[in-house]
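Trainee: what follows is a protein structure lacking sequence information:
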Ligand SMILES: [Zn+2]
């Protein structure tokens, strides 16, 4: 296979639920923990209430990006 595969919406939703509970999700295909990368250039403390999380499976190289809101209630 040469095409870049993607997670299904159901898989993305399930991984997000794990992520917001404070745990690192597993790739539903490979059953290995996702690798987390932070997006945003490493500038912390700018008052952003949200954090973007980029999760990559080191095995199948599928990735998922989530905006996670933290610390504030709207
Ligand atoms: Zn995988």
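Mentor: That came through, no problem. Please read all numbers here as calculations on a predicted model, not as lab measurements.

Trainee: I'd like the distance from stretch 8-26 to the chain centre, please.
Mentor: Centroid separation between stretch 8-26 and its chain, computed with CA atoms, centre = their mean, to the nearest Å, is 7 Å.

Trainee: now stretch 23-43
Mentor: In terms of CA atoms, centre = their mean, the gap separating the centre of stretch 23-43 from the centre of its chain is 5 Å.

Trainee: okay, buried residues for it please.
Mentor: The neighbour-count check on stretch 23-43 (16 or more other CB atoms under 10 Å) flags 25, 27, 34 as buried. For the C-beta atoms, the positions are set from N, CA and C on the backbone; glycine is no exception.

Trainee: wait, isn't the first one in contact with residue 55?
Mentor: Yes: using CB atoms under 8 Å as the test, residue 25 is close enough to residue 55 to be in contact (6.6 Å).

Trainee: which residues do the two both contact?
Mentor: Common neighbours of residue 25 and residue 55 (criterion: CB atoms under 8 Å, 6 or more residues apart in numbering): 15, 19, 34.

Trainee: the second one - nearest residue in space that isn't next to it in sequence?
Mentor: If the residues on either side of it in the chain are set aside, residue 19 comes closest to residue 25, at 5.5 Å by CB to CB, 6 or more residues apart in numbering.

Trainee: separation between the one you found and residue 36?
Mentor: Note on residue 25: its distance to residue 36, by CB to CB, to the nearest Å, is 10 Å.

Trainee: distance check, residue 7 against the ion.
Mentor: For residue 7, the distance to the ion (CB to the ion, to the nearest Å) stands at 9 Å.

Trainee: one step back: show me the residues around the residue nearest to residue 19 that make contact.
Mentor: Residue 25 neighbours (CB under 8 Å, 6+ apart): 14-16, 18-19, 33-34, 55.
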